[in-house]
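> Sequence first, then the predicted structure:
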Amino acid sequence: MRVHGACVAVIAALLVGLSAQALAASAADKERAEKLADIGYDHYDASDYEAASEAFSGAYRIHQVDKYILNQAKCMQKLGRPVDALRLFETGVRNHPKSALAGKVRKLVKQLRGELGETMAEVKLTSTPSGAAIFLDGAQSSLGKTPYATWLPFGSHSVRLSLPDHEALERSFVVEKGDPMAVQMALTKTALPGVVLFDAAAPGADIFINGKIRGVTPMRGGMELKPGTYDVVLRHPGHPPFSATIEVKEGAKIALNPEWGEAQEFDLATPPPVGGSKSAGGLHWASWTGLGVGVAGLALGALSVKAALDSATLAREETESAEFNRQLWESHKEDAQSQLSNAYVGFGLAAAGVTSAIVFEAFIGASNLSQGTVGVVQLAPGPSPLGASISGRF
């Protein structure tokens with residue numbers, strides 16, 4: 001009995017201590033909230049309604065008293081944001097239904113709804129699943145997360161919902177005068193990608209997916225693609241191009257095994273690129289010409305700069321000479337200026353030559369994407385441990 005009584009006494013003491021701490025914390029929060037509210041009143045009297053709204057909002061987060069959120073709503077009215085004001089008034093009534101101000105605020109809410117209803121309508125946005133970010137009318141920043149209710153002007157609008165692991169969904173709708181409208185959207189879970197493996201392909205082959213280059217073999221771990229049908233082309237300098245149409249399924253792997261056979265010195269299946277053939281160095285002859293012009297221009301520019309510096313040195317030495325010869329000084333000066341002009345020309349040629357080589361190579365590369373002969377593709381006999389195996393030969 002004595003032990004039981006002692007336990008009861010200890011528990012009672014703990015409860016009293018915790019209650020005292022809670023009361024002290026509550027009193028401190030109340031004091032902090034009042035100080036923030038006083039700052040809000042000062043800003044409101046000074047017509048700084050943005051700062052006043054922030055102060056009242058901070059006070060309400062610390063200590064939920066109806067007057068704080070209602071004063072924030074009044075700030076929204078002053079700022080010409082009736083939708084935000086209505087939302088805050090409604091939140092105040094919902095959170096404090098027995099407040100002495102509740103009746104007055106309900107009348108104000110009814111009045112605001114009537115005024116907004118002349119040019120706007122309430123729209124409730126929901127999604128399955130919920131929690132999707134809302135992007136309204138092409139905005140880059142999120143309005144909020146579903147479910148969400150707002151007021152929109154009459155007319156056409158668009159909304160885009162984004163949720164991790166789900167396909168983004170966009171929808172257009174028309175807001176008309178009348179009762180609140182609901183926009184409900186069902187999001188589809190993102191399908192798992194399939195994987196295409198190129199382990200059997202010769203190293204150094206360019207990988208084209210639907211006409212666009214996506215990588216070079218070998219590609220460690222394969223290439224992830226969304227489920228669907230794709231045209232795959234492998235282009236290697238020592239082999240004819242390999243082409244296949246594959247169907248990628250969700251979560252499946254496909255091993256692409258091109259049967260190229262013996263390596264060849266050049267690609268017989270592909271016509272020469274637009275503008276002629278490439279040299280052994282891998283660049284088109286015109287690109288080499290551009291690079292040659294660039295190197296020559298760079299050399300000319302460097303030599304001209306050195307000559308200009310030498311002439312400038314001679315001119316300076318002439319001015320410091322005891323037997324100053326003005327004609328000789330002017331000759332050195334003119335020679336320095338002439339060499340600088342040559343340097344500008346040389347560096348200009350260098351820039352033009354390199355730029356033309358880069359642009360020409362890019363043009364040839366883009367032109368070659370659409371060229372090549374498509375061969376017959378056959379499914380290899382027997383199942384593959386990776387799900388499917390595709391091979392082909394020209």
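Nice, I can see it.

> Ser311 is in contact with Ala343, correct?
No - counting by C-beta atoms under 8 Å, no contact exists between Ala343 and Ser311, whose distance comes to 11.9 Å. The way it works is simple: take the backbone N, C-alpha and C, and place the C-beta from them, glycine included.

> what's near enough to touch Glu224?
By C-beta atoms under 8 Å, 6 or more residues apart in numbering, Glu224 lies in contact with 193-195.

> now with 6 Å?
Counting by C-beta atoms under 6 Å, 6 or more residues apart in numbering, Glu224 touches 193, 195.

> can you tell me how far it sits from Met120?
As judged by C-beta to C-beta, to the nearest Å, Glu224 and Met120 stand 45 Å apart.

> got it, and Ala37?
31 Å.

> Who has more neighbours out of those two?
Per other C-beta atoms under 10 Å, whichever of Ala37 and Met120 has more neighbours is Ala37, with 22 against 19.

> So the more buried one, which state does it fall into?
With DSSP: H, G, I helix; E, B strand; the rest coil as the basis, Ala37 sits in helix.

> again, but for Leu314
Assigned with three-state DSSP, Leu314 falls in the helix class.

> swap in Met76?
Recorded secondary structure, Met76: helix (three-state DSSP).

> Equivalent analysis for Leu349, please.
Following three-state DSSP, we place Leu349 in the helix state.

> what's near enough to touch it?
By C-beta under 6 Å, 6+ apart, the contact set of Leu349 is 293, 297.

> one more time with 8 Å
Residues counted as contacts of Leu349 (C-beta under 8 Å, 6+ apart) are 293-294, 296-297, 300-301.

> Domain map for the chain?
Structural domains annotated on the chain: 27-116, 118-190, 194-270+375-392, 285-368, as defined by automatic domain parsing.

> Now mean pLDDT too, for those domains, in a markdown table please.
A markdown table is the format used below for the domains of the chain (pLDDT from 0 to 100):
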| stretch | mean pLDDT |
| --- | --- |
| domain 27-116 | 90 |
| domain 118-190 | 93 |
| domain 194-270+375-392 | 71 |
| domain 285-368 | 71 |
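
> host element of Val195?
Taking DSSP states H and E as the criterion, Val195 maps to strand 194-197.

> buried ones in stretch 99-115?
For stretch 99-115, the neighbour count (16 or more other C-beta atoms under 10 Å) marks 99, 105, 108-109, 112-113 as buried.

> of these, closest to Val83?
Comparing these against Val83 with C-beta to C-beta places Leu112 closest, at 9.0 Å.

> residues making contact with stretch 39-55?
36-37, 56, 59, 68, 71-72, 74-76, 78-79.

> Now do it: distance from first to last residue.
Taking C-alpha to C-alpha, to the nearest Å as the measure, stretch 39-55 stretches 6 Å from start to finish.

> quick check, distance from it to the centre of its chain.
Averaging C-alpha positions (C-alpha atoms, centre = their mean, to the nearest Å) puts stretch 39-55 37 Å from its chain's average.

> Of the contacts of Leu349, which is the nearest to Arg316?
Looking across those and measuring by C-beta to C-beta, the closest to Arg316 is Gly301, at 22.5 Å.

> Could you measure from that closest one over to Glu167?
To Glu167, Gly301 is 56 Å away according to C-beta to C-beta.

> Compare these two (neighbour count), which wins?
Taking neighbours as other C-beta under 10 Å, Gly301 and Glu167 compare with Gly301 leading, 21 against 12.

> List the residues that contact the more buried one.
Residues near Gly301 by C-beta under 8 Å, 6+ apart: 342-347, 349-350.

> One more: Pro153?
119-120, 175.

> Tabulate these (CSV), appending distance to Asp206 and secondary structure.
Below are these laid out as CSV (distance: C-beta to C-beta, whole Å; DSSP: H, G, I helix; E, B strand; the rest coil):
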residue, distance to Asp206, secondary structure
Thr119, 58, coil
Met120, 56, strand
Val175, 51, strand
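
> tell me which of these is nearest to Ala133?
Val175 (20.8 Å).

> so can I have JSON lines of the contacts of stretch 39-55 showing distance to Pro240?
Shown next, in JSON lines, are the contacts of stretch 39-55 (distance: C-beta to C-beta, whole Å):
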{"residue": "Leu36", "distance to Pro240": "76"}
{"residue": "Ala37", "distance to Pro240": "80"}
{"residue": "Phe56", "distance to Pro240": "75"}
{"residue": "Ala59", "distance to Pro240": "76"}
{"residue": "Tyr68", "distance to Pro240": "77"}
{"residue": "Asn71", "distance to Pro240": "78"}
{"residue": "Gln72", "distance to Pro240": "73"}
{"residue": "Lys74", "distance to Pro240": "78"}
{"residue": "Cys75", "distance to Pro240": "74"}
{"residue": "Met76", "distance to Pro240": "71"}
{"residue": "Lys78", "distance to Pro240": "76"}
{"residue": "Leu79", "distance to Pro240": "70"}
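
> Pick out whichever of those residues sits closest to Thr146.
If you rank the contacts of stretch 39-55 by distance to Thr146 using C-beta to C-beta, Met76 comes first, at 23.1 Å.

> now the residue nearest to that closest one when sequence neighbours are not counted: how far from Val105?
Once flanking residues are discounted, Met76 sits nearest to Ala85: 3.7 Å by C-beta to C-beta, 6 or more residues apart in numbering. Using C-beta to C-beta, Ala85 is found at 11 Å from Val105.

> Repeat that for Ser127.
Ser127 is 31 Å from Val105, by C-beta to C-beta.

> now Val233
As judged by C-beta to C-beta, Val233 and Val105 stand 69 Å apart.

> now Gly155
As judged by C-beta to C-beta, Gly155 and Val105 stand 30 Å apart.

> sorry, back to before: please identify which pair of the buried residues of stretch 99-115 lies farthest apart.
Using C-beta to C-beta, the buried residues of stretch 99-115 reach their maximum pairwise distance at Ser99 and Arg113, which is 19.6 Å.

> What is the neighbour count of Lys35?
Other residues near Lys35 number 14, with proximity taken as other C-beta under 10 Å.
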